[in-house]
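1. Mind folding the following:
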Amino acid sequence: MTVSIIPPRERIILALDVDHPDKAKALVERTESQLGFYKVGLQLFLASGFEVVDWLVGRGHRVMLDLKLHDISATVGLAVEQLCHHGVSFATVHGEPPVVRAAVGAARGRVGILAVTVLTSLGEEDLRAVGITMALPDLVLHRARTALAAGCAGVVASAQEAEMLRRELGRTFAIVTPGIRPGADLLNSSDDQNRVMTAGQAIGAGADYLVVGRPISQATDPMAVITAMQAEIAVADRKNK
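-> From the prediction side, this is the model:
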């Protein structure tokens with residue numbers, strides 16, 4: 001993945017985390033002059049099915065369908081087959097090897113499969129609580145390595161692990177990073193994300209795409225937040241060259 005080939009308007013993936021398609025469309029119409037990539041997650045997908053996905057693709061936007069598929073291999077494969085008929089750019093699956101292999105096999109290059117390494121809402125204590133003793137960075141690296149070996153287009157990972165992933169695995173895959181916050185919010189974050197960074201920090205660490213939701217959608221002036229984040233990204237890109 002080469003940064004220079006990603007259009008600036010696609011570096012931020014705006015999460016349409018709303019409960020009705022009309023709300024999603026209104027948010028897109030308010031922001032699409034500066035953005036060209038949107039995430040449809042489980043809440044909106046259950047509310048609208050493929051309605052918003054098809055509407056976005058019809059307007060020329062890219063779509064990340066973030067359903068984090070996790071089931072037996074046959075079921076995951078059949079689900080991915082359905083996605084391939086709707087122009088989705090990225091679809092997410094959990095990073096267990098059988099799930100990843102089934103998704104990649106069904107996609108056959110028609111949609112980029114992203115493996116979720118470790119949810120950015122989780123920390124070391126959460127992993128211990130479910131019996132995972134591997135250190136969080138080691139688990140992220142292990143899952144990323146196996147996912148890429150299975151043919152994934154990239155991974156979903158915290159910006160805190162992006163630098164390690166680039167160092168260990170190179171630049172031939174996409175890193176999509178949630179948990180992006182405006183700088184002033186980092187020290188006072190009270191939401192459901194544990195491992196967060198600013199847009200500039202994440203790009204500097206090696207992320208390609210930044211998933212941003214509430215900092216934009218709930219802002220008094222969403223366009224001002226987008227402009228500020230895109231400026232941070234541009235500065236980080238210049239430093240990376």
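
2. where along this protein do the helices fall?
-> 21-31, 42-48, 51-58, 73-83, 97-107, 124-129, 136-149, 159-169, 199-205, 214-217, 222-240 (DSSP state H).

3. Mind listing what's buried along the lowest-mean-pLDDT helix or strand in the chain?
-> Ranked by mean pLDDT, DSSP states H and E, the weakest helix or strand in the chain is helix 124-129, scoring a mean of 78. The neighbour-count check on helix 124-129 (16 or more other CB atoms under 10 Å) flags Leu127 as buried. Where C-beta positions appear, they are placed from N, C-alpha and C, glycine not excepted.

4. leaving aside the residues next to it on the chain, what's closest to the most centrally placed residue in the chain?
-> For the chain, Val176 is the residue whose C-alpha lies nearest the centre (CA atoms, centre = their mean; 4.3 Å). Leaving aside its sequence neighbours, Val176 sits nearest to Tyr209 (CB to CB, 6 or more residues apart in numbering; 4.5 Å).

5. Would you mind listing the residues in contact with that neighbour?
-> When the contact criterion is CB atoms under 8 Å, 6 or more residues apart in numbering, the partners of Tyr209 are 6, 10-13, 37, 64, 174-177.

6. Of these, which qualify as buried by neighbour count?
-> Neighbour counting by 16+ other CB under 10 Å classes 6, 11-13, 37, 64, 174-177 among the contacts of Tyr209 as buried.

7. Is it correct that Ala153 is in contact with Arg110?
-> No. If you go by CB atoms under 8 Å, Ala153 and Arg110 don't touch, sitting 11.1 Å apart.

8. So for those two, which sits in the more crowded spot?
-> Ala153 (21 against 14; other CB atoms under 10 Å).

9. what's that one sitting at in phi/psi?
-> When read as degrees, to the nearest 10, the backbone of Ala153 gives phi -70, psi -20.

10. For Val111, give me its contacts.
-> Residues in contact with Val111 (CB under 8 Å, 6+ apart) are 80, 83-84, 88-91.

11. Ala153 versus that one, what's the distance?
-> With distances taken as CB to CB, to the nearest Å, Val111 is found 8 Å from Ala153.

12. Overlap in contacts, these two.
-> In contact with both Val111 and Ala153: Phe90, using CB under 8 Å, 6+ apart.
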